[in-house]
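>>> Here's my sequence, what's the structure:
(chains A and B)
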Amino acid sequence: MSPILKISNLSKTYDTGFHALKGIDLEIKRGELFALLGPNGAGKTTLISIICGIVNASGGTVTVDGHDIARDFRAARAEIGLVPQELTTDSFETVWATVNFSRGLFGKPKNHAIVEKVLKDLSLWDKRNNKLITLSGGMKRRVLIAKALAHEPRLLFLDEPTAGVDVELRRDMWRVVRRLQETGVTIILTTHYIEEAEDLADRVGVINGGEIILVEDKIELMRKLGRKQLILHLSEPLEAVPETLAERGLELGQNGETLVYTYDTQAERTGITTLLKDLHAAGIRFRDLQTRQSSLEDIFVNLVKAPS
Amino acid sequence: MNFHAIKAIYRFEMARTGRTLFQSIVSPVLSTSLYFVVFGAAIGSRIDEVDGVSYGAFIVPGLIMLSLLTQSVSNASFGIYFPRFTGTIYEVLSAPISYLEIVIAYVGAAATKSLLVGLIILATAHLFVPLDIQHPVWMLLFLILTAVTFALLGFILGIWADNFEKLQFVPLLVVTPLAFLGGSFYSINMLPPFWQTVTLFNPVVYLISGFRWSFYGQADVSIGLSVFMTFLFLVICLAVISWIFKTGWRLRA
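Next up is the predicted model:
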């Protein structure tokens, strides 16, 4: 199946000379939820803005469902919905008016049934006659999503949709995103909350310094780059790791009360059995043990820390 | 052509007029009525006829033009500047809509609003002085052309401005003085010869003169020159707008 979004050698240099994007290549599969992660200033919003037509590219091409965003901008943009990072709304409009406006703006004839469904799906129906200025931040964010969905796009960009949203609303928003994906909409999500990507995404892309440094299936990524640790809580604290165990790369933690063993889950032998035997031989007893797998956050921090 | 988009923006802008009825309609009508009271009734009663027309009636075309020019510029500049200021412009820029369609929608709405104001002032003037419009078709044509041209100027201003002060600068400090000095309240023949020549460099003279001709068949400059100058200004505004859109100046980074 052809990708819904194809980005080839995309670059952007602003008038100030800032090189925001450096030859981006990326393909997004139909129906997937792609999380684009990156630190501040990495180029996430610039990339989205170019695809949506808000910023002009300096070089390269982008096609949406086969339509070039410059030559065939009408067809390309009609397929895209954008939920921007900032809560930008027309304060004095009603929810109903602003969502209908968005549908018309994207070239679609009036269809109150579709707008009603969008508002109901986002739990905004009761607020349809409210002016936007009277809504809370979370509700305004929903309105922005409703506006982006009013013209039934096939590709939806969510630029940090849960920034500044409390935990409960964030989880609520995740449910909305999952429901959208179930309806066949392809979603590209940028986020600062890595747990969001971990929870929602099918694939993860990491952008740093204007370059895509990694694109990987989320589960595969966590399997490949993730590390696992065995943490042993000792009965008696140790001052130092005994010499007989020095080769195993053990680390002492919590004032000598824990021993931490890092191992590769993919290796043929994890070394856990022999480690436990050696500990017994050295007379080291423990009262508890736990294992810990690195999160996407650990992986992300390591990736952007590493010189690219 | 994305007619749905043009309609959506046009209706959105017109709805804003409805919400700001006082600022959009009542305020210009009130200020024009005050002009009639002061210049027409109080001072005008002491002034003889100008070019065979009573002074009260003579100032009607100039007063309509004064409001039409400032309203067209203000409406259009605010219409495009405000979404830039609040950030909601992202939606228009990301929509499948061409620059031409954006201009038609915003400028069309701004021109419609100022035309409405112009026609309401005309009706208001009718309450104060007897009016006899000799060339009604030309009168409407001048009204529409001027409204569109100055709405285009306002659109340019709204894209150029990066704060509210700049937005007010042109209507208050350029358009209003030019309209006052362009023969709104006097015939330029009443000026000394030197100032008559200086006045001819004021483009608004041609608009007011042409518009007054459509009312009373009297003009300071020839009607052909008035029409030519109005079209020239229209073409200049269109040229600037097409350059703005070609380069994305102040709209797209």
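
>>> need the helices for chain A, in chain order.
For chain A, the helices defined by DSSP state H occupy A:44-52, A:73-78, A:95-105, A:112-121, A:137-149, A:167-182, A:194-200, A:218-225, A:272-281, A:296-305.

>>> do you know which of these lies nearest chain B?
When the helices of chain A are compared by CB to the nearest CB, helix A:95-105 sits nearest chain B, at 3.0 Å. Quick note: C-beta positions are derived from backbone N, CA and C, even for glycine.

>>> Show me how far that closest one is from its chain's centre.
28 Å (CA atoms, centre = their mean, to the nearest Å).

>>> just to revisit the earlier point, deepest of the helices of chain A, which one?
Greatest average neighbour count among the helices of chain A goes to helix A:44-52 (a mean of 25), per mean count of other CB atoms under 10 Å in any protein chain shown.

>>> what is the mean pLDDT for it?
Per-residue pLDDT values over helix A:44-52 give a mean of 94.

>>> Please see if that helix touches chain B.
Yes. For helix A:44-52, a contact with chain B is found by CB under 8 Å from any CB of the partner chain, at A:49, A:52.

>>> Show the average pLDDT along stretch A:276-283.
87.

>>> Tell me how many other residues surround residue 129.
Defaulting to chain A. Residues near residue A:129, counting by other CB atoms under 10 Å in any protein chain shown, number 9.

>>> oops, I was thinking of chain B
For residue B:129, using other CB under 10 Å, the count is 18.

>>> So what does it have for phi and psi?
With angles defined as degrees, to the nearest 10, residue B:129 sits at phi -130, psi 150.

>>> Please name the residues that touch residue 31.
Since you didn't name a chain, this refers to chain A. A:181, A:184, A:185, A:186 (CB atoms under 8 Å, 6 or more residues apart in numbering or on different chains).

>>> looking at chain B here, not the other one
With the criterion set at CB under 8 Å, 6+ apart, residue B:31 makes contact with residue B:67.

>>> Quick one: distance of the one helix or strand it maps to to the chain centre.
Using DSSP states H and E, residue B:31 sits in helix B:27-35. Its chain's C-alpha centre and that of helix B:27-35 lie 15 Å apart, by CA atoms, centre = their mean.

>>> for stretch A:222-232, same thing?
Distance, centroid of stretch A:222-232 to centroid of chain: 21 Å (CA atoms, centre = their mean).

>>> I'd like the mean pLDDT over that stretch, please.
pLDDT averaged over stretch A:222-232 gives 77.

>>> And for stretch A:131-143?
On average, stretch A:131-143 scores 90.

>>> Grab the most central residue of chain B for me.
residue B:69 (2.2 Å; CA atoms, centre = their mean).

>>> is chain A contacted by the host helix or strand of that residue?
In the assignment (DSSP H and E), residue B:69 maps to helix B:55-86. Yes. Counting by CB under 8 Å from any CB, contacts between helix B:55-86 and chain A involve B:83, B:86.

>>> Any chance you could list what contacts the next helix or strand after that helix?
Once the chain leaves helix B:55-86, the next helix or strand it forms, by DSSP H and E, is helix B:89-93. For helix B:89-93, the external contacting residues (CB under 8 Å, 6+ apart) are A:52-54, A:82, A:84, A:88, A:102, A:105, A:147, B:9, B:80, B:83, B:102, B:251-252.

>>> Among those residues, find the lowest-pLDDT one for me.
residue B:252 (75).

>>> Surely residue B:214 forms part of a helix?
Yes. Counting by DSSP: H, G, I helix; E, B strand; the rest coil, residue B:214 is found in a helix.

>>> Using CSV, write out the CA atom coordinates for stretch A:126-144.
The C-alpha atoms that make up stretch A:126-144 are tabulated as CSV, following Å, rounded to 0.1, in the frame of the first residue of the first chain:
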residue,chain,number,x,y,z
ASP,A,126,-23.6,20.4,25.0
LYS,A,127,-21.3,23.3,24.5
ARG,A,128,-22.2,24.0,20.9
ASN,A,129,-23.9,27.3,21.6
ASN,A,130,-21.2,28.5,24.0
LYS,A,131,-18.8,31.2,22.9
LEU,A,132,-15.2,30.0,22.8
ILE,A,133,-14.0,32.6,25.3
THR,A,134,-16.2,30.9,28.0
LEU,A,135,-14.5,27.4,27.5
SER,A,136,-11.8,25.9,29.6
GLY,A,137,-8.3,25.2,28.1
GLY,A,138,-9.2,21.5,27.7
MET,A,139,-12.5,22.3,26.0
LYS,A,140,-10.8,24.7,23.6
ARG,A,141,-8.3,22.0,22.7
ARG,A,142,-11.2,19.8,21.8
VAL,A,143,-12.7,22.5,19.7
LEU,A,144,-9.4,22.7,17.8
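
>>> Show residues contacting that stretch.
For stretch A:126-144, the external contacting residues (CB under 8 Å, 6+ apart) are A:83-84, A:87-96, A:98-99, A:119, A:122-124, A:161-162, A:164-166, A:169, A:172-173, A:176.

>>> Also near chain B: which of those, exactly?
Among the contacts of stretch A:126-144, chain B is touched by A:84, A:88, A:89, A:90, A:91, A:92, A:93 when using CB under 8 Å from any CB.

>>> among those residues, which two are most distant?
Of all pairs drawn from these, the greatest distance, 19.3 Å, lies between A:84 and A:92 (CB to CB).

>>> got a markdown table for the contacts of residue A:31, with distance to residue A:128 too?
Shown next, in a markdown table, are these (distance: CB to CB, whole Å):
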| residue | distance to residue A:128 |
| --- | --- |
| A:181 | 25 |
| A:184 | 25 |
| A:185 | 22 |
| A:186 | 27 |
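
>>> which of those are buried?
When those are checked for burial by 16 or more other CB atoms under 10 Å in any protein chain shown, the buried set is A:181, A:185, A:186.

>>> Break chain A into its domains for me.
As given by automatic domain parsing, the domain ranges for chain A are A:5-223, A:227-294.

>>> Quickly, which of those bottoms out on average pLDDT?
Looking at these, the bottom one is domain A:227-294 with a mean of 84.

>>> Which of the ones next to chain B among the contacts of stretch A:126-144 sits closest to residue A:263?
residue A:84 (44.0 Å).

>>> helices or strands up against the helix or strand harbouring residue B:145?
For residue B:145, the element it lies in under DSSP H and E is helix B:136-160. Here helix B:136-160 touches helix B:55-86, helix B:99-128, helix B:164-170, helix B:203-216, helix B:223-247, going by 3 or more CB pairs under 8 Å, 6 or more residues apart in numbering or on different chains; DSSP states H and E.

>>> ok, back up a step: pLDDT score for the residue nearest to the centre of chain B?
For residue B:69, pLDDT reads 92.

>>> isn't it right up against residue B:203?
No. Between residue B:69 and residue B:203 there is no contact under CB atoms under 8 Å: 10.3 Å.

>>> Show me what from chain B comes close to chain A.
B:2, B:4-5, B:7-9, B:11-12, B:15, B:19, B:83, B:86-88, B:90-98, B:248, B:252-253.

>>> Closest residue of the stretch 201-308 of chain A to chain B?
residue A:210 (14.7 Å).

>>> Around that residue, count how many other residues there are.
Count around residue A:210 with other CB under 10 Å applied: 22.

>>> Next: residue B:224.
9.

>>> ok, back up a step: list the buried residues for the helix holding residue B:145?
B:138-139, B:141-143, B:145-160.

>>> circling back to that earlier point, got the contact list for the residue nearest to the centre of chain B?
Listed by CB under 8 Å, 6+ apart, the contact partners of residue B:69 are B:146, B:150, B:175, B:179, B:204, B:207.

>>> Closest to chain A out of the residues you listed?
Among the contacts of residue B:69, and counting by CB to the nearest CB, the member closest to chain A is residue B:150, at 25.0 Å.

>>> And the pLDDT for that closest one?
Looking at residue B:150, its pLDDT is 94.

>>> for the record, mean pLDDT for stretch B:230-243?
On average, stretch B:230-243 scores 92.

>>> buried residues in that stretch?
B:230, B:233, B:234, B:237, B:240, B:241.

>>> ok, the last one - contacts?
Remark: with contacts taken as CB under 8 Å, 6+ apart, residue B:241 is in contact with B:99, B:103, B:152, B:155, B:156.
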